[in-house]
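S.K.: coords please:
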Amino acid sequence: SYDGIVQYLDTRCMVEGEEYDFSAKVKMAKDGAPWQCNPSSGSNQADSCPSATLRSSYGVNRDNDWQNIGRMLTGDQEWNVMEGSLTVRSFDANAGFTAIYITGAPYGVDIIIDSVSMVPLT
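M.R.: Numbers count the residues shown, from 1 in each chain. This next block holds a predicted model:
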């Protein structure tokens, strides 16, 4: 599902060809208790982990483009590591809006994030 945390980005900062490292620390809980996910599990599985996706959209028809930019490296710690990278494409650079979504945990699992960063490589 696409229910989760979203952060809109300033599209003026999206320059085609620029590369970024993405990272975040993720804590998960269900019914107030710590919850573990399996980074090897596929999406929509009972033990699937959240992931980070860049969504870019523009135009009257709201053309959308989705790019996976982060996945969980661990799922059994109090604070788990999510990492990935992205390269800004023409669609992203010209979008009306761009946002990062952190989604994908099973229904009822709360996602708490900290120390989110997107660091340019160029």
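S.K.: where does pLDDT dip in the protein?
M.R.: 1-3, 59-61, 122 (pLDDT under 70).
S.K.: let's go with 90 and repeat that
M.R.: Flagging of the chain using pLDDT under 90 yields the residue ranges 1-5, 11, 13, 41-45, 58-65, 104-105, 107, 122.
S.K.: how about the helices in it?
M.R.: Counting by DSSP state H, the chain has helices at residues 90-93.
S.K.: which residues sit in contact with the residue at minimal distance from the centre of it?
M.R.: Centrality entry for the chain: nearest residue to the mean C-alpha point is Ala52, 1.4 Å, by C-alpha atoms, centre = their mean. Applying C-beta atoms under 8 Å, 6 or more residues apart in numbering to Ala52 gives the contacts 22, 24, 68-71, 82, 84, 100-102. (C-beta placed from N, C-alpha, C; glycine too.)
S.K.: and Asp21, how close does it get to Asp10?
M.R.: 18 Å (C-beta to C-beta, to the nearest Å).
S.K.: typed the wrong thing, it's Met118
M.R.: For Met118 relative to Asp10 (C-beta to C-beta), the value is 11 Å.
S.K.: ok, Pro106 - how many residues close by?
M.R.: 18 (other C-beta atoms under 10 Å).
S.K.: need the contact list for it.
M.R.: 45-48.
S.K.: from these, pick the one nearest Ser90.
M.R.: Checking these against Ser90 by C-beta to C-beta gives Ser48 as the nearest, at 31.1 Å.
S.K.: on that earlier part again, and Asp21 and Asp10? Which one has more around it.
M.R.: Higher neighbour count among Asp21 and Asp10: Asp21, with 15 against 8, using other C-beta under 10 Å.
S.K.: beta partners for that one?
M.R.: As for beta bridges, Asp21 partners with Ser85, Val119 under DSSP bridges.
S.K.: hmm, it is touching Thr87, no?
M.R.: No. Counting by C-beta atoms under 8 Å, Asp21 sits too far from Thr87 to count as a contact (11.1 Å).
S.K.: picking up where we left off before, buried subset of the contacts of Ala52, written for ChimeraX?
M.R.: Here is the ChimeraX command that selects only those of the contacts of Ala52 that count as buried (16 or more other C-beta atoms under 10 Å):
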select :22,24,69,70,71,82,84,100,101,102
